[in-house]
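Engineer: from the sequence below, what's the structure:
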Amino acid sequence: MVSREQKRAALQEKLQLLRSITNSHDLNKTSIIIDASKYIQELKQKVERLNQDIAVATQTPNDQNPLMPMQVKVETLEKGFLINVFSDKSCPGLLVSILEAFEELGLNVLEARVSCTDSFRLQAVGGENEEQNESIDAQVVKQAVLQAIKNWCGSSDHQQD
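Structural biologist: Model (predicted):
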């Protein structure tokens with residue numbers, strides 16, 4: 001028979017494991033469980049976004065989808081969005097198209113890192129323009145970026161074969 005102290009030690013060990021997995025800084029059992037619950041919700045949202053991305057990617061055949069070599073991810077932050085765009089090819093002019101899309105949305109670029117030497121990589125933090133009354137969600141931002149890429153792919157001045 002397992003003693004009460006052994007059960008308590010096992011429970012404490014499992015709580016510490018849960019605390020480390022969820023990056024909880026709390027020591028209290030209830031707070032650790034609440035943090036774990038929030039972490040599970042975040043994971044569920046990420047899974048949902050990934051499933052949506054997969055659904056979109058599989059709806060269009062590869063030969064008809066010029067965006068397949070591009071990876072676009074948009075995550076909602078407390079006040080804005082984290083936008084990541086990546087292509088293993090250099091994409092001259094694409095940055096301008098994406099920034100124009102941000103401007104059309106009324107999204108201010110608060111911080112950005114861009115590399116366009118051998119590949120194209122954009123990581124930007126965008127915040128909503130406070131003068132706008134409408135709220136923008138991550139899916140709208142992603143669709144705008146995808147549309148900017150599609151428009152860029154349709155233009156003839158970026159072809160480098």
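Engineer: for this protein, which segments are assigned as helices?
Structural biologist: In chain order, the chain shows helices spanning 4-21, 29-59, 94-105, 138-154, with DSSP state H as the criterion.
Engineer: show me what the longest one is packed against.
Structural biologist: The contact analysis (3 or more CB pairs under 8 Å, 6 or more residues apart in numbering; DSSP states H and E) places helix 29-59 against helix 4-21. The C-beta positions use only the backbone N, C-alpha and C, and glycine is treated the same way.
Engineer: picking that back up, lowest-confidence stretch among the helices of the chain?
Structural biologist: Set side by side, these differ in mean pLDDT, and helix 29-59 is lowest with a mean of 83.
Engineer: for K79, find the nearest of the helices of the chain.
Structural biologist: Counting by CB to CB, K79 lies closest to helix 138-154 out of the helices of the chain; the figure is 13.1 Å.
Engineer: any idea how far that closest one is from the chain center?
Structural biologist: 14 Å (CA atoms, centre = their mean, to the nearest Å).
Engineer: what does that helix contact?
Structural biologist: Residues external to helix 138-154 that are found in contact with it (CB atoms under 8 Å, 6 or more residues apart in numbering): 49, 52, 66-67, 70, 72-76, 81, 83, 85, 91, 93-94, 97-98, 100-102, 104-105, 107, 126, 158.
Engineer: same question for stretch 36-55.
Structural biologist: Stretch 36-55 is contacted from outside by L18, I21, T22, N23, S24, A138, Q139, using CB under 8 Å, 6+ apart.
Engineer: which among those end up buried?
Structural biologist: With neighbours counted using 16 or more other CB atoms under 10 Å, the contacts of stretch 36-55 contain these buried positions: L18, T22, S24, A138.
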